[in-house]
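Student: build me a model:
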Amino acid sequence: ILPHVDHSGRPTLDWPSAEADIAVLRPENWLGLPGEDDQSSRRSFPYATVAIIFVCIALTLRTVKDPVYVRQNIFLPEDPFRRHCLTLITSTFMHANFFHLFGNMGFLYICGDNVEDVLGPAMFTFVLICGAVFGDLLYVWGGGTLPALGASGGVFSILVYYAFAFPKNRFTFPVPWRWN
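Tutor: Predicted coordinates for the structure are as follows:
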């Protein structure tokens, strides 16, 4: 039995079918991430999505190895406009660890291609960065005190756009369930 979210947004369980067996062959499913059922609507290669994923991977590798780089580019709530507001953007592409990176980039990979196909690469990147900046500012407004980094705000903006633009698409979770 494979759990998934149906078109109404409720989690449901389905018996494995040919469609579910094909879903397990997708790269995101190999990594344990949910996969979308309908990928037929994409018309072009998601260059911006892939580029953002590679930039995040490269800067996370640098983040892990270079604490000076982190101190210069991390978002600090007590000084949100530090370095002429650049930390609002630079912190977006850095991640605390590989699990953080894996989660954000996994969902960006799953939903980003469809959203980029609708918006185009430039507007897609703009929406992602605006979502990240808004997320950081909302964190400050909410009273956050710890340094922040990661693309969660930007990825969330892409997920929200995806939910409104593709309300009938479903996600398949490749987790076998047993009911005893």
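
Student: okay, Ser44: pLDDT?
Tutor: For Ser44, the model assigns a pLDDT of 83.

Student: wait, I meant Arg62
Tutor: Listed pLDDT for Arg62 reads 90.

Student: isn't it right next to Tyr69, touching?
Tutor: Yes. Contact criterion Cβ atoms under 8 Å: Arg62 and Tyr69 qualify, at 5.5 Å. The way it works is simple: take the backbone N, C-alpha and C, and place the C-beta from them, glycine included.

Student: find the nearest non-adjacent residue to the most centrally placed residue in the chain, please.
Tutor: Centroid check for the chain by Cα atoms, centre = their mean gives Leu108 as the closest residue, at 3.2 Å. Using Cβ to Cβ, 6 or more residues apart in numbering and skipping the chain neighbours, the partner closest in space to Leu108 is Val155 (5.0 Å).

Student: thought Tyr109 was touching the one you found, still the case?
Tutor: No. Taking contacts as Cβ under 8 Å, Val155 lies outside contact range of Tyr109: 10.0 Å.

Student: who's more crowded, those two?
Tutor: Val155 (26 against 20; other Cβ atoms under 10 Å).

Student: what helices or strands is the helix or strand harbouring Val118 leaning on?
Tutor: Using DSSP states H and E, Val118 falls within helix 98-119. Counting contacts by 3 or more Cβ pairs under 8 Å, 6 or more residues apart in numbering; DSSP states H and E, helix 98-119 packs against helix 27-30, strand 35-36, helix 47-65, helix 121-141, helix 152-165.
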